[in-house]
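A.B. asks: Need a 3D model of the sequence below.
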Amino acid sequence: MNIGICRVQKIPAPKDIAGIQLHNRRERDHSTTNPDIDRARSSENYSIIVKPIGEGCKILSCFGKGLQDTGKSYNALIDERIEAGYTGKRAVRKDAVRCCEVLFTASGDFFDQHPDRREAFFMECVVFAAKRFGAANIIAATVHMDEDTPHMHLDFVPLTADGRLSAKSVLGGRKEMQQLQDDFFEQVGKKFGLERGTRADLDDPDADRPRKHLTVRELKAETEAQLSEQQQLIQQQQEILDRMQEQEQQQLAAAEAQLAEQQKKLEQMQEQGRRTEANNRRHEEYFDKLMHEQGEAVRKASEAKAQQQMAESETAALDQEILAKKGQLSLLDTQCRIAAGELQKTMELLAKAAKKHKVGSIFGGDTVTCDKSAYEDLVSTCSTVKETMTTARKLMIAVEERARQLDEQAAEIEPLHTQRQIALRSAQAEKERYERLQQEKSQLIEQRAAELADTRIGALFKKVPDSRRERLEDFCRGLRLSDGRTALEAFEDLEQQLQKQLQQQYRQQGRGGRTL
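C.D. replies: I've put the predicted structure just below:
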């Protein structure tokens with residue numbers, strides 16, 4: 001808040017007036033009473049000249065060295081004004097107040113914020129003083145730019161409108177001085193956006209004594225004391241701020257350490273996910289191999305079964321053929337027995353013939369005598385029967401050899417059938433084992449997802465007392481990282497990322513299980 005300042009002091013003694021002149025006009029190269037003067041900037045000081053014109057006045061600025069340089073001292077100018085305007089019948093008292101000085105300035109950084117309005121501000125102050133104290137009474141108005149804060153010293157003779165020399169009448173008491181401050185605020189301060197200082201309570205019974213108006217030196221000393229106090233306060237606030245920043249840095253470092261730990265856990269879980277994926281790929285490759293081997297076993301079993309069916313078909317055909325051959329053999333045997341019986345009967349008839357011919361028994365019987373022609377017919381018949389029986393025996397041997405070959409083929413087919421059964425049982429066992437592994441893996445993924453859901457980032461602070469955890473949560477909620485997120489949002493993003501990865505893995509494994 002910037003405050004407009006208008007302070008008046010009385011300068012009774014001529015020596016004090018001469019000292020004011022030395023200060024205002026910078027007539028000394030070095031000042032022991034005011035070390036704040038920057039002589040390198042004294043050339044920026046200037047005077048504002050007031051020329052009365054009738055009831056009004058003309059005001060103009062005089063820059064450079066000629067600071068109200070009329071060649072006359074303040075005391076001489078005061079004497080001229082008293083001689084021209086004083087109308088009293090008595091001589092001026094030696095202890096009368098012959099000069100008053102008004103200090104016009106503004107507090108805070110008003111002049112730094114508005115450098116283009118400095119001259120206008122001081123011109124308005126002069127206009128205000130001319131209306132208030134009389135333009136003809138002003139002997140000097142000097143603006144100093146070579147000190148810390150720009151300000152103006154306006155010196156005037158306290159002559160009343162009726163020609164009396166009375167500072168008391170011109171300035172008045174407490175109420176008039178308060179009204180002076182009110183009028184200055186209304187006529188000058190408001191135009192430049194300045195505030196009015198604290199207004200004294202004139203009705204306060206404890207405020208009987210008039211408020212002391214400080215001199216410029218006292219005002220500077222008070223201001224410096226206030227500045228020193230403010231600087232100490234600022235230094236204390238800075239120390240508190242430094243401690244708070246140090247604590248925030250420590251908390252930030254702790255939060256970053258926790259974030260790094262969470263990142264490490266994320267990387268570990270990602271590595272575990274990659275290992276799980278590798279294991280899944282190995283399981284899938286192993287299962288594909290088993291499925292391939294099972295397919296090969298099924299194919300070989302199918303081929304063996306086809307060969308067995310073909311062998312069985314051939315065996316059935318051979319069995320039919322054997323049965324047919326056995327039937328033929330049985331028929332031939334029957335015919336042989338019938339032929340042998342007939343032969344025996346014939347031989348018996350021949351033995352009774354007239355022409356006897358003695359022959360031995362062909363079939364192990366007794367020697368008989370028969371006709372020679374009948375004997376030759378019998379021998380021919382027996383030869384035919386013998387050839388028929390020999391052919392039947394050869395056919396019987398061939399049938400038995402074929403049956404032996406079929407038995408050997410059946411013996412070769414039997415191990416293939418057994419191998420097929422073993423392969424089918426092994427493939428079924430491997431399939432059940434893979435399904436069991438898939439079920440265990442799905443349960444593991446569900447367990448990991450449940451654990452992740454239970455270990456929310458907020459649970460990170462359960463390792464510390466509740467009061468501290470709440471403070472840490474509030475700190476992480478208000479702490480912003482370099483990317484604009486809060487630390488708590490970063491933790492939640494990590495958690496959501498982990499959940500999405502696990503859900504994606506779970507869906508992929510779920511699709512793999514359905515494929516199986």
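A.B. asks: for the stretch 351-500 of the chain, which spans come out with low pLDDT?
C.D. replies: 351-375, 377-379, 381-382, 385, 392, 441-473, 475, 479-482 (pLDDT under 70).
A.B. asks: Strands of that one, start to end?
C.D. replies: Under the criterion DSSP state E, counting those that start in this stretch, the stretch 351-500 of the chain contains strands at 358-359, 368-369.
A.B. asks: Report the contact partners of N137.
C.D. replies: The contact partners of N137, taken as CB atoms under 8 Å, 6 or more residues apart in numbering, are R81, G85, F156, V157, P158, L159. The way it works is simple: take the backbone N, C-alpha and C, and place the C-beta from them, glycine included.
A.B. asks: okay, those in TSV with distance to H283 next?
C.D. replies: Formatted as TSV, the contacts of N137 follow (distance: CB to CB, whole Å):
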residue	distance to H283
R81	114
G85	116
F156	105
V157	111
P158	109
L159	113
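A.B. asks: which of the residues you listed lies closest to M310?
C.D. replies: F156 (141.6 Å; CB to CB).
A.B. asks: The helix or strand encompassing A316 - contacts with which helices or strands?
C.D. replies: Using DSSP states H and E, A316 maps to helix 216-351. When contacts are defined as 3 or more CB pairs under 8 Å, 6 or more residues apart in numbering; DSSP states H and E, helix 216-351 packs onto strand 368-369, helix 372-454, helix 466-478, helix 487-515.
A.B. asks: Show me what the nearest residue to A96 once chain neighbours are set aside bridges to in the sheet.
C.D. replies: Among residues not flanking A96 along the chain, L165 sits closest, at 5.8 Å (CB to CB, 6 or more residues apart in numbering). For L165, the beta-bridge partners under DSSP bridges are L159.
A.B. asks: Run a quick check on L165 versus C100, I expect a contact.
C.D. replies: No. In this structure, L165 is not within contact of C100 by CB atoms under 8 Å, at 11.1 Å.
A.B. asks: Quick check: neighbours shared by those two?
C.D. replies: Between them, L165 and C100 share the contacting residues V157, P158, judged by CB under 8 Å, 6+ apart.
A.B. asks: Kindly state the beta-bridge partners for the residue lying closest to G189 once chain neighbours are set aside.
C.D. replies: Counting by CB to CB, 6+ apart, G189 lies nearest to G4, which is 3.6 Å off, once chain neighbours are set aside. Counting by DSSP bridges, G4 forms beta bridges with A106.
A.B. asks: Does G4 touch E186 like I think?
C.D. replies: No. Contact criterion CB under 8 Å: G4 and E186 do not qualify, at 10.4 Å.
A.B. asks: Averaging pLDDT per element, find the lowest-scoring helix or strand in the chain.
C.D. replies: strand 358-359 (a mean of 48; mean pLDDT, DSSP states H and E).
A.B. asks: Let's verify V8: helix, strand, or coil?
C.D. replies: strand (DSSP: H, G, I helix; E, B strand; the rest coil).
A.B. asks: quick one: it and E176 touch, right?
C.D. replies: No. Counting by CB under 8 Å, V8 stays clear of E176, with 10.5 Å between them.
A.B. asks: Counting neighbours around each, name which of those two comes out higher.
C.D. replies: For V8 versus E176, neighbours defined as other CB atoms under 10 Å are more numerous around V8 (21 against 12).
A.B. asks: Next one: that one from I49, what distance?
C.D. replies: Distance of V8 to I49, computed by CB to CB, to the nearest Å: 21 Å.
A.B. asks: cool, and L488?
C.D. replies: Using CB to CB, L488 is found at 69 Å from I49.
A.B. asks: go on, T105?
C.D. replies: With distances taken as CB to CB, T105 is found 20 Å from I49.
A.B. asks: Compare neighbour counts for these two and give me the winner.
C.D. replies: Higher neighbour count among T105 and I49: T105, with 23 against 18, using other CB under 10 Å.
A.B. asks: Contact partners for that one?
C.D. replies: Per CB under 8 Å, 6+ apart, neighbours of T105: I5, T149, P150, H151, M152.
A.B. asks: how much space between it and A398?
C.D. replies: 145 Å.
A.B. asks: what do you get for T486?
C.D. replies: Here the criterion is CB to CB. By it, T486 lies 99 Å from A398.
A.B. asks: Tell me which of those two has more neighbours.
C.D. replies: T486 (16 against 13).
A.B. asks: Hmm, the more buried one is touching D474, no?
C.D. replies: No. Using CB under 8 Å, T486 makes no contact with D474, being 10.6 Å away.
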